[in-house]
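Undergrad: next one to model:
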Amino acid sequence: MNDGVNGVALGVFIFFFLAVTVMGFLAARWRKAENEHSLDEWGLGGRSFGTWVTWFLLGGDLYTAYTFVAVPAAIYAAGAAGFFAVPYTILVYPLIFTFLPRLWSVSHKHGYVTTSDFVRGRWGSKSLSLAVAFTGILATMPYIALQLVGIQAVLDVMGVGGGADTNWFVKDLPLLIAFGVLAAYTYSSGLRAPALIAFVKDTLIYIVIAVAIIYIPIKLGGFDEIFSAANEKYTTAKAGGLVPLEAGQWTYATLALGSALALFMYPHSITATLSSRSREVIRRNTTILPLYSLMLGLLALLGFMAIAAGVKVTNGQLAIPQLFENMFPDWFAGVAFAAIGIGALVPAAIMSIAAANLFTRNIYKDFIKPDATPKQEAQVSKIVSLLVKVGALVFVLTMDKTVAINFQLLGGIWILQTFPALVGGLFTRWFHRWALLAGWAVGMVYGTVAAYGVASPTQKHFGGSAKEIPGIGEIGYIGLTAFVLNVVVTVILTFALKALKAPEGVDETSPEDYTADAGDPGVEVELPPATAGSAH
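TA: Residues are numbered from 1 along each chain as shown. Model (predicted):
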């Protein structure tokens, strides 16, 4: 790692950062609506995005600074076990093809802005809706923090912020500036800002990966040398390898499956989905988004390249930025760092908007101010989006950054517990609302307690997301075990509650709502004039 600041790389980084900052503020005028004072406009971009805008937005949303920093870092540290992210992104697209178009249709029909809006409308339960909203906000916080960790990793490698003895304020000032800019243009432009910036972000990422996958192996003597060096390291360390160890195969498989089920439960994934203008846009995107999985597979190989290049770091999340610093000319290292930095800004903006929408629609409007106007909803959501980012910033500045990935995986355990209420509700209303709430509670408690008991060399608690599966004896992903318990409890209690004829909530949806498209007769949002912009 360089002792001083890499001036050329920093200059290129600042150029791109300023460019996307200007784009973020100008986005407020992009596709500007007649009435911008509503969550439909600020939080969903007016539900107007076509195929390519949605593709870039979802790509910018799902393939984040975590992708660029943490996935290759996992390969660097543990070998092929870190590749779990590749199969899970392959599994996820056939899955979402089955339910995302249905969610878009019913949400468009009824003006739903969040998953909790749908849950409340489908199951007739504000308590269940609140549980889903609470889980979404809770799971999103460490995910936003992880994006800020990605920015800080880049700044550290460029030598920005001083050494270990530097005053904390001076050391973290660049991150604080980046945070302030992100907060300002998100507040000003809403979802339009990350949608516009995503074009730059994805273009830079594709360029950097294309160059890296060709240029770095040439400098290192080819892929034979790269894999040989990696295999030698893993053999010497007796940890990981070029294929997952037999003892870790259950962990690998369950983590991939559980992550696939959880990915589109996150509020930011749904926010990007609902911003599209038609059901067909969603269907097209499920067929072309796998292009990002190809990129992810190539990106993961950078972990092996870091080993072959002799990169030595105490924090694995610095491995790939340091690889770029060592291997690329300074100017192109700046381009790579900008790709990572912008790759953090786009999803962080969407995540904060999604969390703010959940609070506004499903806590503020449902429980605090039921008669809130659309303008009040938009204003509250803007303020909450700032508070969410502040919370993530505090997390980054006060906690050990090497454990950020574990807290994000904990968020995956939590968000997976909303799957039965959301996806189940898109296909059936057989489950009882109280049973769904009980199943969610069991999954949340088990997942949190089990994760709390996992230790690592750097953490006494929350040191990972894998633990022995009860009754099987294999080590597996805690989130998937919690999900199975969730479903079992839900099914058993549904039988019991139906036998007891417990009251069920009112379903405000109808079967044709789930297949309607924007151009179909009667599909326009049906809202009373006094509450335009709110769900039923």
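
Undergrad: alpha carbons only for contacts and neighbour counts from here, please
TA: Noted.

Undergrad: where do the helices sit along the stretch 301-450 of the chain?
TA: With helices called from DSSP state H, counting those that start in this stretch, the stretch 301-450 of the chain shows them at 302-308, 319-327, 330-359, 374-398, 404-416, 419-427, 433-452.

Undergrad: between these, which gets the lowest average pLDDT?
TA: Among those, helix 404-416 carries the lowest mean pLDDT, a mean of 82.

Undergrad: how about it: buried residues?
TA: Using 16 or more other CA atoms under 10 Å as the test for burial, helix 404-416 gives 404-416.

Undergrad: residue nearest the centroid of this structure?
TA: With distances taken as CA atoms, centre = their mean, the residue of the chain nearest its centroid is residue 62 (5.4 Å).

Undergrad: quick one, grab the pLDDT at it.
TA: Per-residue pLDDT puts residue 62 at 79.

Undergrad: for the one 3 residues further on, same thing?
TA: Turning to residue 65, the model gives it a pLDDT of 71.

Undergrad: residue contacts, it?
TA: By CA atoms under 8 Å, 6 or more residues apart in numbering, the contact set of residue 65 is 146, 147, 150, 151, 340, 341, 343, 344.

Undergrad: can you give me the distance of it to residue 466?
TA: Computed with CA to CA, to the nearest Å, the distance linking residue 65 and residue 466 is 23 Å.

Undergrad: kindly report the same for residue 111.
TA: Between residue 111 and residue 466 the computed distance is 39 Å (CA to CA).

Undergrad: same check on residue 327?
TA: For residue 327, the distance to residue 466 - CA to CA - is 35 Å.

Undergrad: settle it for me: which of these two has more neighbours?
TA: More neighbours surround residue 466 than the other of residue 327 and residue 466, with 24 against 17 (other CA atoms under 10 Å).

Undergrad: got phi/psi on the closest residue to the more buried one other than its chain neighbours?
TA: Spatially, and ignoring its direct neighbours in sequence, residue 466 is nearest to residue 477 (4.5 Å; CA to CA, 6 or more residues apart in numbering). Note on residue 477: backbone dihedrals following degrees, to the nearest 10 are phi -70, psi 120.

Undergrad: burial count for residue 477?
TA: 28.

Undergrad: that one touches residue 258, doesn't it?
TA: Yes. With contacts counted by CA atoms under 8 Å, residue 477 reaches residue 258, the gap being 7.2 Å.

Undergrad: for the stretch 101-250 of the chain, give me the ranges with low pLDDT.
TA: 161-170, 237-241 (pLDDT under 70).

Undergrad: now the strands for it?
TA: In the stretch 101-250 of the chain, no segments count as strands under DSSP state E, counting those that start in this stretch.

Undergrad: Serialize the helices of the stretch 301-450 of the chain to TSV and add fields for distance to residue 193.
TA: Below are the helices of the stretch 301-450 of the chain laid out as TSV (distance: least, CA to CA, whole Å):
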stretch	distance to residue 193
helix 302-308	30
helix 319-327	26
helix 330-359	8
helix 374-398	13
helix 404-416	24
helix 419-427	28
helix 433-452	34
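
Undergrad: show me the one of these that comes nearest residue 7.
TA: Of all these, helix 330-359 sits nearest to residue 7, with 8.4 Å by CA to CA.

Undergrad: the closest one: how far from the chain's middle?
TA: When distances are taken as CA atoms, centre = their mean, to the nearest Å, helix 330-359 is centred 11 Å away from the chain's centroid.

Undergrad: quick one: buried residues of that helix?
TA: Neighbour counts using 16+ other CA under 10 Å place 330-359 of helix 330-359 among the buried residues.

Undergrad: then stretch 88-103?
TA: Applying a neighbour-count criterion of 16+ other CA under 10 Å, the buried positions in stretch 88-103 are 88-93, 96-97, 99-103.

Undergrad: and the residues you listed, which of them are in helices?
TA: Within the buried residues of stretch 88-103, residues falling in helices by DSSP state H are 88-93, 96-97, 99-103.
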